[in-house]
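**Student:** model the following, please.
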Amino acid sequence: MSIIPITVYGDKILRLKAHKVSAVSDEIIDKIRNMFDSMRNAHGIGLAANQVGYRDSIFVLDLNGTEGYEHFKPIALINPEIVLQSDEKVVIEEGCLSLPLVRAEVERSESIKVRYMDSDEKIIEIDADDLLARVILHEYDHLIGKMIPDRVAEDVKKNLQKDLSNIIKREVEIDYPITEI
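**Tutor:** Numbering: from 1, shown residues only. As a prediction, the model looks like this:
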């Protein structure tokens, strides 16, 4: 399909809420394929639709290149809803394709339950923990207009300002295409 430039910090679409998908059309299937192509090209493990300029409530995951997830089947989650989050929290360093070269410690629930529609329009519920839960929560955040800087303490966010400014100005060197100013 197509590799689409990744939207980056400062791009307005990253702050907009996604639109629900009413039906899985050929256009939606093409978008999902483009999302997988773009994510893999950027060496990511998750990608939300707004990270490639789509307003649809979709994200894709492919963890099978990650230790412990070698048998993970790539999935597209359409209209995902987090229906349950554990009280147990875990703080782990995260990165984001829309925040090139930025890493920060983010607290998230250790386990979750997510409900979504698959590409056959079947409603699925899965329980997830560890990395899978973290990636789902991270990508879900994108669909509601949130990013890593919204999930960290003010002092951490302040320390990220120079890097965030460089991203906005496109003064970052990375090996995948990003949107232009």
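**Student:** okay, which residue is most central for this structure?
**Tutor:** Centroid-nearest residue in the chain: Glu139, 3.0 Å away (criterion: CA atoms, centre = their mean).
**Student:** surely that one is in a strand?
**Tutor:** No - applying DSSP: H, G, I helix; E, B strand; the rest coil, one finds Glu139 to be helix, outside a strand.
**Student:** leaving out the residues flanking it, which one is nearest to it?
**Tutor:** Nearest in space to Glu139, with sequence neighbours left out and distances taken as CB to CB, 6 or more residues apart in numbering, is Phe59 at 3.8 Å. C-beta coordinates here come from the backbone N, C-alpha and C atoms, glycine included.
**Student:** same question for Leu61.
**Tutor:** Nearest non-adjacent residue to Leu61 (CB to CB, 6+ apart): Gly46, at 4.9 Å.
**Student:** the one you found against Tyr69, yeah?
**Tutor:** No - contact between Gly46 and Tyr69 fails when scored by CB atoms under 8 Å: they sit 11.9 Å apart.
**Student:** show me which of these two is the more surrounded one.
**Tutor:** The residue with more neighbours, out of Gly46 and Tyr69, is Gly46; 24 against 17, by other CB atoms under 10 Å.
**Student:** surely the residue nearest to Glu139 forms part of a strand?
**Tutor:** Yes - assigned with three-state DSSP, Phe59 falls within a strand.
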